[in-house]
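Q: this is a predicted model, with the sequence first.
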Amino acid sequence: MPLRNDAGLAGAELALAVEAHTLATGAMDTVGTTGIFELSPNAINSVPKEARLAIDVRDINGPRRDKVVQAILDSAQSLATKRQVKFEAQMINQDPPTRCADSIQQAIVAAARGLGLTTKHMVSRAYHDSLFMARIAPTGMIFIPCKGGFSHRPDEFASEKDISNGVGVLALTMAQLSEGAWPDSRDEL
């Protein structure tokens, strides 16, 4: 064992470093995920010669996120040296965080209240079209409840009622923002 150059163990340590560097910020808004971890040759009796990890770090604070990314890269280099394996990194993207427009968020809240619904302000760290649309126009997002709170997964489920409520909120938000008349009857939604 001492003579092995095990890329799998280096990858495992790096995945733990992602968690450690993310938690070290002390910020709830800093998240790090090792969503892909592939070993080659991927055989039970072969020492992994290659580990491929896809790591995603997100934060509403760009500089803090960038520090976490750099700490992870530094750890990767240190682990590669320690375990005598090669290390290569490729940055796929590093888009700046963006905020939804207050005017849009206020219109969404008013629309939900107009339908007798409650709202919850949330930070979405997932990539949405709004990240890019916000560069050219005021943007906001409407989320509906999903079973167990799970979204962006194959088992995501929303009831017809929650979907209908979301469509109603969207319609009323659009009417308010377009300065159109709100429907007299909510049945029209």
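A: Here it is on my side, so go on. This one's a predicted model, so the numbers in the text were calculated from it and none came from an experiment.

Q: for the rest of this, base every contact and every neighbour count on C-alpha atoms.
A: Fine.

Q: what about the helix or strand of the chain with the lowest mean pLDDT, distance to the chain center?
A: Among the helices and strands of the chain, helix 129-133 carries the lowest confidence by mean pLDDT, DSSP states H and E, at a mean of 87. Computed by C-alpha atoms, centre = their mean, to the nearest Å, the chain-centroid distance of helix 129-133 equals 13 Å.

Q: pull the CA atoms of the longest helix along the chain into CSV?
A: In the chain, ranked by residue count with DSSP state H as the criterion, the top helix is helix 62-83. Included here for helix 62-83 are C-alpha records, laid out as CSV according to Å, rounded to 0.1, in the frame of the first residue of the first chain:
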residue,chain,number,x,y,z
GLY,A,62,-18.6,36.4,-5.3
PRO,A,63,-15.3,37.2,-3.5
ARG,A,64,-16.0,34.7,-0.8
ARG,A,65,-16.9,32.0,-3.4
ASP,A,66,-13.6,32.8,-5.2
LYS,A,67,-11.6,32.3,-2.0
VAL,A,68,-13.2,28.9,-1.5
VAL,A,69,-12.5,27.9,-5.1
GLN,A,70,-8.8,28.9,-4.7
ALA,A,71,-8.6,27.0,-1.4
ILE,A,72,-9.9,23.9,-3.1
LEU,A,73,-7.4,24.3,-6.0
ASP,A,74,-4.6,24.7,-3.5
SER,A,75,-5.7,21.6,-1.6
ALA,A,76,-5.9,19.7,-4.9
GLN,A,77,-2.3,20.6,-5.7
SER,A,78,-1.1,19.7,-2.2
LEU,A,79,-2.9,16.4,-2.3
ALA,A,80,-1.4,15.6,-5.7
THR,A,81,2.0,16.2,-4.3
LYS,A,82,1.4,14.2,-1.1
ARG,A,83,-0.1,11.2,-3.0
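
Q: pull out the buried positions in the helix or strand just after that helix.
A: Later in the chain than helix 62-83, the nearest helix or strand by DSSP states H and E is helix 102-114. Using 16 or more other C-alpha atoms under 10 Å as the burial criterion, the residues of helix 102-114 that qualify are Ile104, Gln105, Ala107, Ile108, Val109, Ala110, Ala111, Ala112.

Q: show me what helix 102-114 is packed against.
A: Packed against helix 102-114, as judged by 3 or more C-alpha pairs under 8 Å, 6 or more residues apart in numbering; DSSP states H and E, are the following elements: helix 160-177.

Q: tell me which other helices or strands the helix it packs on touches.
A: Applying 3+ C-alpha pairs under 8 Å, 6+ apart, one finds that helix 160-177 makes contact with helix 102-114.

Q: what lines up beside the strand or helix carrying Arg52 in the sheet?
A: Under the assignment given by DSSP H and E, the secondary-structure element containing Arg52 is strand 50-58. When pairing is defined by DSSP bridges, strand 50-58 lines up against strand 31-40 (antiparallel).

Q: thanks a lot, catch you later.
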